[in-house]
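Participant: output the structure for:
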Amino acid sequence: MVRAFCFKGVGMKSAVLKSMEDLCIEERPMPMCKEYDVIVAVKVCGVCRTERKAWAMGQKDLVLPRVLGHEIAGVVHQIGSKISKYYVGQHVAVSPGLFCGKCVYCVSGLDHLCVNMRILGFHVDGGYSQYMLVPGFGQEPYILNEIPDNLDFKTASLSEPLACAYNLISRLHVEQAQNIVILGGGPLGVLSALLSRYLSKANIIIVEPQQNRRQQAQAYSHYQFASYTDAWQKLMELSKGLGAEVVLPCCPDSTALSSAVNMAAKRGRVGFLSGLTGTLSLDNTVLNIIHYRELDLLGAYGCSLADTQKALQLLASGAVDVYGLQDLEVSWQEIEKTISNLEPSDHIFTYFIP
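Facilitator: Numbers count the residues shown, from 1 in each chain. Next comes the predicted model:
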């Protein structure tokens, strides 16, 4: 359902998810900027499959009603009286995790696993708005990363999904791999492939059913296939029948786990960047492959503040180069129609421009 515009009150415009498949464009009051708060004028907010999933079926961290959007880049518009780290006019990318800084995970540098985590766009209002509040909670906010001078807002907004990919890729020892298989050629698949290409000399195989995305994958991978079967045949040729050292399901397909496990070599590593949809039953065949091949299964959800800072560095240095990949810019009139399209085929990255 694409809901007509509804306006309430005066102030800034925001896209608010009221309930499943019910996104309303509202006029809301500007947020109050307290002494430790920062207000950011949003220039770009990415649209990823997580928002699409939230719109269609909810998400485990989503609290409604909510302004969605967590891939945010913008300009500091207003600062509280006790802010010294940031200044009005500063270009910033917003790391979405409001972590406590005190729990066992935060203290050990794993702040994305914070037991008291609040996430912009899920627990707290996010970036589908003209302005957004970055709360300080009694101290200066820590989640604003200055955008390097050579990065535009669209590219800077990709620092969040790139950081999510880096969170997992950095744990998979891709530098030791000879063959890497990535299941899915969407945003996370693309960014994972670009990272893998930067960090390793491995053959990169992309499995992607959509033709347009397979064609774009030629720019960042060695081999592109529409089906697991075709990719499997090439992998067996390249690896002399051993399989891939790293397999990354970057798609929500419920068959992804069994396909990834089947493609993995002995002592291989299977990493999950995407939550699975549908019903998944693990039979003894899959579990026995994990057992007999001594496979490692790693999951990743979100990214740490350090990951987002590293991602900005990789984008600014050109180590991860996203230029030339097809994207789509959408406005207020197009936002709900765009979110309702769970698997766009004519572009890779989607940017909401408020």
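
Participant: all strands of the stretch 101-250 of the chain, in order?
Facilitator: For the stretch 101-250 of the chain, applying DSSP state E, counting those that start in this stretch gives strands covering 118-119, 131-134, 144-146, 179-183, 203-207, 223-225, 244-249.

Participant: distance to Leu62, mean pLDDT and mean neighbour count for these - can I get that in TSV?
Facilitator: C-beta coordinates here come from the backbone N, C-alpha and C atoms, glycine included. Putting the strands of the stretch 101-250 of the chain into TSV (distance: least, CB to CB, whole Å; pLDDT from 0 to 100; neighbours: other CB atoms under 10 Å) gives the following:
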stretch	distance to Leu62	mean pLDDT	mean neighbour count
strand 118-119	9	95	18
strand 131-134	17	97	24
strand 144-146	23	98	20
strand 179-183	26	97	27
strand 203-207	29	98	26
strand 223-225	34	98	20
strand 244-249	23	97	28
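
Participant: tabulate those strands in CSV, adding columns for distance to Gly271.
Facilitator: Shown next, in CSV, are the strands of the stretch 101-250 of the chain (distance: least, CB to CB, whole Å):
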stretch, distance to Gly271
strand 118-119, 21
strand 131-134, 31
strand 144-146, 25
strand 179-183, 10
strand 203-207, 14
strand 223-225, 19
strand 244-249, 5
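
Participant: among those, which comes closest to Tyr351?
Facilitator: strand 131-134 (15.8 Å; CB to CB).

Participant: run through the stretch 201-350 of the chain and note the low-pLDDT ranges.
Facilitator: Where the stretch 201-350 of the chain drops to pLDDT under 70, the residues are 276-281, 342.

Participant: now do 90
Facilitator: Applying pLDDT under 90 to the stretch 201-350 of the chain flags the ranges 251-258, 272-286, 324, 336-347.

Participant: distance of Leu64 relative to Ile348?
Facilitator: Applying CB to CB, to the nearest Å, the value for Leu64 to Ile348 is 29 Å.

Participant: the two: which is more packed in?
Facilitator: Ile348 (20 against 13; other CB atoms under 10 Å).

Participant: the more buried one and Gln216: what is the separation?
Facilitator: In terms of CB to CB, Ile348 sits 6 Å off from Gln216.

Participant: which neighbours do these two share?
Facilitator: Residues touching both Ile348 and Gln216 comprise 185, 190, 325-326, with contact defined as CB atoms under 8 Å, 6 or more residues apart in numbering.

Participant: which of these lies closest to Glu71?
Facilitator: Here the nearest of the shared contacts of Ile348 and Gln216 to Glu71, counting by CB to CB, is Val190; it sits at 14.1 Å.
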